[in-house]
Structures are given as structure tokens and as C-alpha cells.
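1. coordinates only, sequence not included:
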């Protein structure tokens, strides 16, 4: 994929995710849209990002906010028109910004013509484009326990829905309105490849492929293990990274991307992917993907479920990211992210969104952006946007949260504990409208937003930060500029220091022929003295800090510093990993 000596553009790039429904509303209907995004491109150009990852804008019934697609080659009227999307692509390209489309091909909407045909008759030619199975022998179809497998859906309940008209169940790993495509059928794969080529010919610069490692399933569809007290089994081992996954992804590369790899960013979202498998997926010699999204670090604070969060000690978080740095250090490439449309706000989750809001938002940014890989910034993260103060579940719109609340309450769970979990880890936290200014609707639009605006927009907004020294926005801009100018940030090796320190996140980046960099962040609300292991860096040049004062022997609460050695003699602090 590297095409000789030239490295792909995305290795030194920063990607910005736009969730269109919540970014900017141009027509006052309360929902963000494509003209709204185009109107705010100068904000992204000022930030310095290289590409936009655009969450789905295809035609959709919006059972899962666009991740249920009913037409892959048209734009949903909610967001505008195909001409609006062409206009956004052209306007972004004029500013040197690429457009990467979100692509959901593990499943479609149940309103997609393919599925409408498939469910019309058992004899329809598209029947085998989806997974259909009869009820279990000796059971009553439609009743609990009659499903072909005991798997639990990502959105609670069974992964199978009974179709009365054709007297069979269809598989949906997510919502019932999101039936899974059968990638074992070569006609399905060919149709997907044709559609992808159509978009590339239209000018898009790549794809972020939603849960792409779920497209290969064990064809036998065996039951999953049932945990004590659970109603359904865990089918994940039988449908994640299945037996033909590398074959399918390589085939996609050959049929769609071959010959223009360096021009495209190919991101695979892969829940449960391991480091060895990620190396295979992102090894340039294998012609599969550019980058994978892994979920290890954003699962460390999950208890029995994601809505039962547990405290996360910093050494575990450091170790997780370091494992991926080391595992993909020589072969492959990392994605770097704290946030996206499926995760709560980073500063509320990993930082301190109270007393140390600005400091922790910028410290987390510093740490992440100085790792090796391609950083992804989720909309509003560059402002330090926080979780919202949800009064109750009636304010929420996310199908995952609503279904979990109903299932947990039906099972007798404590309602307050359920609400607390949804408040801290619900996906709607990431989906509140973008906070552009301190106006009544945060500058998002003129109509009542589809999701409430976070009340803190009166002080936390873009207008209050852009061009303001020391702001979260300006710190992100400086980090992005550093990545664009210092090859050590992009290509340098990664070495974690002080792995067991409960507060300090310290690591070194090294690249032959260039001064090394040291990153030191105090991820706590108390001052910390610089340890003796860093004595060799006391005379280093200060590159960037989130505190206005110069370096001292103490790191203030949530202070983060980037230092550069003053000569080319490699520094080797004790305890280097």
C-alpha cells in the first residue's frame, strides 16, 4: 500500500468526525444537514484537520440514526440532496480537506429494496442475500427460545425476528430493522463493491467501514455461552472476525481500491479485534486496510455491561495503549481516539469536567496526539464538550439506551443505577448539538434541536475559544500543527516510562536523525513532583504545554508538557519500556 518510498497521506493526518444530525442545521428543522456542514468548513480548516469522516447521510428510516441504510446511492432528505453532498466534497477539497464516508455493509435497513425482495418470498432471488433460518425444532415460532440461535443483540433482546409471511427468522445483530447481509453470497459482495466504486468515482477519499469484522460469520451459527442470570447467549465468538474475514477484506481491496491505495483512507471498525489480527489487517503487504478501530481502551471501564461502569486506574489505560503501540510498531498502523458517536465525552469519562475541565481536556489531547498513529477528533472534542445532564431517559433518543433501560427495569434493576449508567456512558452524550456560540440554541440552528442542547453551551462554545490563547481549541490546533511539522510525532518509536505510576503518563518518541520528544502529563487533580527518572530532560526545550508558566520541577494538576531534547544525543531515561 505504501507505493514505494512515498508514505500515504493519512499517516501524518488528523481526521475529524462529523455526526451530521448534530453538527449544524441550515434549514431550521432541528436536524443538522449537509449545507450546515459546508457552512462550517472554515472552522475545520482553521483547526488544521486533513480529512472529515462523515457519519451516514444515506437514505434511511433512522431506526439507528442512519446506520440502517435503505439506499446506498442517495442522500436522505433529512440531510439534503446528492447535489448538496457533491457540493460539500468540492468545498472541502478546495480547502485541502478530504471526505471519508461512513459505510455500513454488515447490515441494511429492513426497508432496503434488497430486503424487501428477500422477505417477499422464500423463492425470491435475493432471499439468500440475508440470513434466514427456521424456528428451533419442537418450539413455537415467535416465542422466546424458538430463535435459531440464542445470541443476544447489541441493542438488547434476541438477534432473530420472526417473519410471519415467510415463516422463518432473519438475523440482525443490531436492531430488528437492521437485517444482516449474507456475505457468504458472492452476489452480495459484488453489489457492495460496485456501490463503493461508484462513490470513489464521485470523489470521496475513502471509507470508514462500520463493524466490518462482523461480515464473516461461522456458517453453522452455533449457540453462544449463556452467563449466569442472562436470558441470551454470547454469540460474539461465532460472528466476529469469522473464518473468511481476511478473504473478504482482501477481495474488497482488490475489487475496489487496487491502484489508488495511497489516495484513499480505508478504516475498519472492528469490535474485539486483537493486536495480532490488527497487524494482519493493516500490513501494507497484505492489501487489506489502512487502519483499524479497536475498542480495548474504551472497554476498560465497563463492568457487567457498558452501563455498569467501574473505576479505571491510569496504569491499565496506559498499558492498553502501549500494547497497541508496540504491537503495531513495526507492521501496521494505529488509530488514536478518545471519542466518537458511540462513546461518551472524553473529558467527562477520562478527565475532570469540573474544576480541571480545560486542563484535563488539553492533557488528554496531548497524550493521545503524541502517540504513534492517526488521531481522530470527534466533533466538539476540540472544544472540550462534556456529557449532558440528562434528567431522565425520556430526554434520550438512542435506541441502545432506550432498549437497555426497558430491559434492565423489566429485570428488576435499580432505576437510579440504570439512569446513572446511561448518564455516564450513553451514546447520546456524544450526539448533543455542536456548541458554536452562547445563543439560545448554541448556534446550531433556529429550530428546536432533535436532541437538547447542553446547558453549558453558554460558556463552552467555539466562539469563546477560537483565537483565544490557552483555549482547548487552540491547544488542539497546536497539536495538529506539530504532527504536520515534526516527523518524530508521525514516525518515531514509542517508549512508555513509569508504567505503574498512578498519576503520571510519561513516554518518549524517538526517530533516528531527529531530536527525541518527551511527553509528561499529570492525570490527577493534585500536584506531582517530576520523578528522578526524568532528570535527563530538565534542560530540554519546551515545545507545548497546557499551562502558561514555564517548566518547573512540579507538574500542576492535569498539566501536560511536550519537551524536545536540545541535541541529537539520544536520551535514555531509566525505566524505559
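-> Structure received. Only a predicted model underlies this, so the values are computations on that prediction, with no experimental measurement involved.
2. For the helix or strand hosting residue 38, what is the distance to the chain centroid?
-> Assigned by DSSP states H and E, residue 38 falls within helix 34-39. Computed by C-alpha atoms, centre = their mean, to the nearest Å, the chain-centroid distance of helix 34-39 equals 22 Å.
3. Dig out what residue 208 forms beta bridges with.
-> With DSSP bridges as the criterion, residue 208 is bridged to residue 102, residue 267.
4. What's the mean pLDDT across stretch 310-324?
-> Averaged across stretch 310-324, pLDDT comes to 97.
5. got the buried residues for that stretch?
-> In terms of neighbour count (16 or more other C-beta atoms under 10 Å), stretch 310-324 has its buried residues at 314, 317, 318, 319, 320, 321, 322, 324. (C-beta placed from N, C-alpha, C; glycine too.)
6. Mind giving me the packing neighbours of the helix holding residue 38?
-> On a contact count with 3 or more C-beta pairs under 8 Å, 6 or more residues apart in numbering; DSSP states H and E, helix 34-39 meets helix 82-94.
7. and the helix it packs on, what does it pack onto?
-> Secondary elements touching helix 82-94 (3+ C-beta pairs under 8 Å, 6+ apart): helix 34-39, helix 41-47, strand 71-75, strand 98-103.
8. Name the residues that touch the third one?
-> Read it as strand 71-75. Strand 71-75 has contacts (C-beta atoms under 8 Å, 6 or more residues apart in numbering) with 34, 57-59, 81-82, 84-85, 112-113, 195, 198-199.
9. Save those as a markdown table, and put in distance to residue 349 too.
-> Shown next, in a markdown table, are the contacts of strand 71-75 (distance: C-beta to C-beta, whole Å):
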| residue | distance to residue 349 |
| --- | --- |
| 34 | 30 |
| 57 | 27 |
| 58 | 30 |
| 59 | 33 |
| 81 | 37 |
| 82 | 37 |
| 84 | 34 |
| 85 | 32 |
| 112 | 35 |
| 113 | 40 |
| 195 | 35 |
| 198 | 38 |
| 199 | 33 |
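10. so which of these would you say is closest to residue 69?
-> residue 58 (4.6 Å; C-beta to C-beta).
11. wait, doesn't the closest one sit right on residue 69?
-> Yes: contact status for residue 58 versus residue 69: in contact at 4.6 Å, counting by C-beta atoms under 8 Å.
12. In terms of neighbours, single out the busier of these two.
-> The neighbour comparison of residue 58 against residue 69 (other C-beta atoms under 10 Å) goes to residue 69, with 27 against 24.
13. ok, so what distance separates the more buried one from residue 63?
-> 11 Å (C-beta to C-beta, to the nearest Å).
14. Touching both of those two, which residues are there?
-> residue 109.
15. Of the helices and strands packed on helix 82-94, give the one that comes closest to residue 213.
-> Ranking the helices and strands packed on helix 82-94 by proximity to residue 213 (C-beta to C-beta) places strand 98-103 first, at 13.7 Å.
16. How about residues contacting the next helix or strand after that closest one?
-> If you walk from strand 98-103 toward the C-terminus, the next helix or strand you reach (DSSP H and E) is helix 113-118. The contact list for helix 113-118 (C-beta under 8 Å, 6+ apart) reads 70-71, 108-110, 124-130, 132, 170, 179, 181, 191.
17. Name every strand pairing with the next helix-or-strand element following helix 113-118 and say which way it goes.
-> Going down the chain from helix 113-118, the next helix or strand is strand 132-133, by DSSP H and E. When pairing is defined by DSSP bridges, strand 132-133 lines up against strand 168-171 (antiparallel).
18. Wasn't residue 52 part of a strand?
-> Yes: judged by DSSP: H, G, I helix; E, B strand; the rest coil, residue 52 forms part of a strand.
19. pLDDT score for it?
-> Residue 52 is assigned 98 on the pLDDT scale.
20. Touching, it and residue 98? I think so.
-> Yes: the criterion here is C-beta under 8 Å, and residue 52 meets it with residue 98 at 7.2 Å.
21. Mind listing the shared neighbours of those two?
-> Taking C-beta under 8 Å, 6+ apart as the criterion, residue 52 and residue 98 both touch residue 92.
22. How about residue 104: what's its closest non-neighbour residue?
-> Distances taken as C-beta to C-beta, 6 or more residues apart in numbering put residue 210 closest to residue 104, at 4.3 Å, once the chain neighbours are dropped.
23. Report the contact partners of the residue sitting nearest the centre point of the chain.
-> By C-alpha atoms, centre = their mean, the mean C-alpha position of the chain lies nearest to residue 340, the distance being 4.1 Å. Residues near residue 340 by C-beta under 8 Å, 6+ apart: 17, 376, 378, 430.
24. Let me know the secondary structure of the closest residue to residue 256 other than its chain neighbours.
-> Spatially, and ignoring its direct neighbours in sequence, residue 256 is nearest to residue 196 (4.7 Å; C-beta to C-beta, 6+ apart). Put simply, residue 196 is helix when judged by three-state DSSP.
25. What is the most widely separated pair among the contacts of residue 340?
-> Farthest apart among those by C-beta to C-beta are 376 and 430. That separation is 12.6 Å.
26. Which parts of the stretch 301-450 of the chain are helices?
-> Taking DSSP state H, counting those that start in this stretch to define them, one finds helices in the stretch 301-450 of the chain at 314-327, 346-349, 357-369, 399-410, 415-425.
27. Low-confidence stretches in this structure?
-> Within the chain, the segments meeting pLDDT under 70 span 1-5, 567-577.
28. what do you get if the cut-off is 50, keeping everything else the same?
-> Applying pLDDT under 50 to the chain picks out residues 1-4, 568-577.
29. Okay, angle between the helix or strand residue 193 falls within and strand 98-103 too, please.
-> In this assignment (DSSP H and E), residue 193 forms part of helix 186-201. Helix 186-201 runs at 160 degrees relative to strand 98-103, counting by axes from the mean of the first three to the mean of the last three C-alpha atoms, to 10 degrees.
30. Touching helix 186-201 from outside, list them.
-> Contacts for helix 186-201 (C-beta under 8 Å, 6+ apart): 72-73, 101, 103, 105, 114, 129, 181-183, 207, 248, 251-252, 255-256, 260, 264.
31. picking up where we left off before, nearest to residue 520, out of the helices of the stretch 301-450 of the chain?
-> Residue 520 sits nearest to helix 357-369 of all the helices of the stretch 301-450 of the chain, at 9.4 Å, using C-beta to C-beta.
32. returning to that earlier point: the residue nearest to residue 104 and residue 67, how far apart?
-> 6 Å.
33. what touches both of these two?
-> Both residue 210 and residue 67 are contacted by 102, 104, under the criterion C-beta under 8 Å, 6+ apart.
34. any idea how far the closest residue to residue 36 other than its chain neighbours is from residue 34?
-> Leaving aside its sequence neighbours, residue 36 sits nearest to residue 24 (C-beta to C-beta, 6+ apart; 3.1 Å). Per C-beta to C-beta, residue 24 is found 10 Å from residue 34.
35. who's more crowded, these two?
-> The neighbour comparison of residue 24 against residue 34 (other C-beta under 10 Å) goes to residue 34, with 28 against 23.
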